[in-house]
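Participant: Quick check, what structure comes out for this input:
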Amino acid sequence: MLLWGMSFVWTAIVLEYYQPVTIIFLRLVISTLFLFSWVWIFQKKEKIQRKDYKLFFISALFNPFFYFLGENYGVKFTSPTISAVLIATIPLFAPIVAYVKFKEKLNWLNVVGILISFAGILIMLLNRNMQLNASPIGLFALLIAVFSAVSYVVYLKVLSGRYSPFFIIAIQNLIGLIYFLPVFLIFDFNDFIHIKPDIGVIWSLIALAVLCSSFAFVAFTIATREIGVSKSNVFANLIPVFTGVFSFLVIGEELNLQKLAGIIIVVGGVFFSQIKKPIQIGGFNRY
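Facilitator: So this is what the prediction gives:
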């Protein structure tokens, strides 16, 4: 979540030079090369089972294809912090999907934690007049990203029990690269070949590819496998916390008392959302 929180700021930096589709395409090219190199050097060979080809192609359609389109256009038309806040609504929908598909249950403390975190998100998102100042186009794009992320995690849960995390993300990024190739060639290629990026943009692209599209997704795959869909997605509430701090430090976005209060509430909510069912030990309730 720390890396994904930073990704919104790096995306905002790269958007000063490239269009969203170009950013995603370059990000996937670098990430795919890195991940397959990692798998080839450090891991034993794996082969996709025939029954899982469909799962890989559908999961890659949701993420990286639809998710990255929604996220990047969201950052373009709103701001890094607002985009991160909207993405952090994923935990509100993930438990519903997890219950329907995997029968994962949350106790009342977990539910309270989710609601507390969402309250913190609203505090960060709304201004003093309780109004949301953001582009409808950007918000719509971010809602597409949220829907895609919730749908994607269902397939990720299944695949994570059959393949290693690095292999899963490598294959999904490769398929996503195939999905994005015609879009990139038709809409963005002519602009791309005439742009000369500076070192800051190149570094941001590499960070997005290696840290965010590779290591962050591998870490999330492990988390989904170990603690389940609902609890792993609750941590998405931390994304706007990291984005708000990182935006303040790197690009000078305002970090006022209202946002700081929201950050504290979000962290508290995440803590509650991870508390396990109470048990009786020596006459005391322990969690």
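Participant: So which residues of the stretch 101-250 of the chain form helices?
Facilitator: For the stretch 101-250 of the chain, the helices defined by DSSP state H, counting those that start in this stretch cover 108-125, 136-160, 165-183, 189-192, 199-207, 217-227, 229-234, 239-250.
Participant: Surely residue 82 and residue 125 touch.
Facilitator: Yes: the criterion here is CB atoms under 8 Å, and residue 82 meets it with residue 125 at 6.6 Å. (Each C-beta comes from the backbone N, C-alpha and C, glycine too.)
Participant: Poorly predicted segments of this protein, please.
Facilitator: 95-96, 102, 104, 106, 129-133, 273-287 (pLDDT under 70).
Participant: so how many other residues sit close to residue 114?
Facilitator: 23 (other CB atoms under 10 Å).
Participant: Who has more neighbours out of residue 82 and residue 125?
Facilitator: Higher neighbour count among residue 82 and residue 125: residue 82, with 24 against 21, using other CB under 10 Å.
Participant: Can you tell me how far that one is from residue 244?
Facilitator: 10 Å (CB to CB, to the nearest Å).
Participant: hang on, the earlier thing: name the stretch among the helices of the stretch 101-250 of the chain that sits most buried.
Facilitator: helix 229-234 (a mean of 24; mean count of other CB atoms under 10 Å).
Participant: re the thing from before, of all the helices of the stretch 101-250 of the chain, which one is nearest residue 264?
Facilitator: Checking those against residue 264 by CB to CB gives helix 108-125 as the closest, at 7.3 Å.
Participant: Contacts for the closest one next, please.
Facilitator: Where contact means CB atoms under 8 Å, 6 or more residues apart in numbering, the residues beyond helix 108-125 that reach it are 81-82, 85-86, 88-89, 91-92, 95, 106, 132, 230-231, 234, 237, 240, 244, 258-259, 261-275, 287.
Participant: and those, which are buried?
Facilitator: Buried subset of the contacts of helix 108-125 (neighbour count, 16 or more other CB atoms under 10 Å): 81-82, 85-86, 88-89, 91-92, 95, 106, 230-231, 234, 237, 240, 244, 259, 262-263, 265-266, 269-270, 272-273.
Participant: picking up where we left off before, of all the helices of the stretch 101-250 of the chain, which lies closest to residue 73?
Facilitator: Nearest of the helices of the stretch 101-250 of the chain (CB to CB): helix 136-160, 3.9 Å.
Participant: Between helix 217-227 and that closest one, find me the angle.
Facilitator: Here the directions of helix 136-160 and helix 217-227 differ by 60 degrees (axes from the mean of the first three to the mean of the last three CA atoms, to 10 degrees).
Participant: Report the angle between helix 136-160 and helix 165-183.
Facilitator: Computed by the same axes, to 10 degrees, the angle separating helix 136-160 from helix 165-183 equals 140 degrees.
Participant: Remind me what helix 136-160 packs against, helices and strands.
Facilitator: Applying 3 or more CB pairs under 8 Å, 6 or more residues apart in numbering; DSSP states H and E, we find helix 136-160 packed against helix 53-60, helix 67-77, helix 80-87, helix 90-102, helix 165-183, helix 217-227, helix 229-234.
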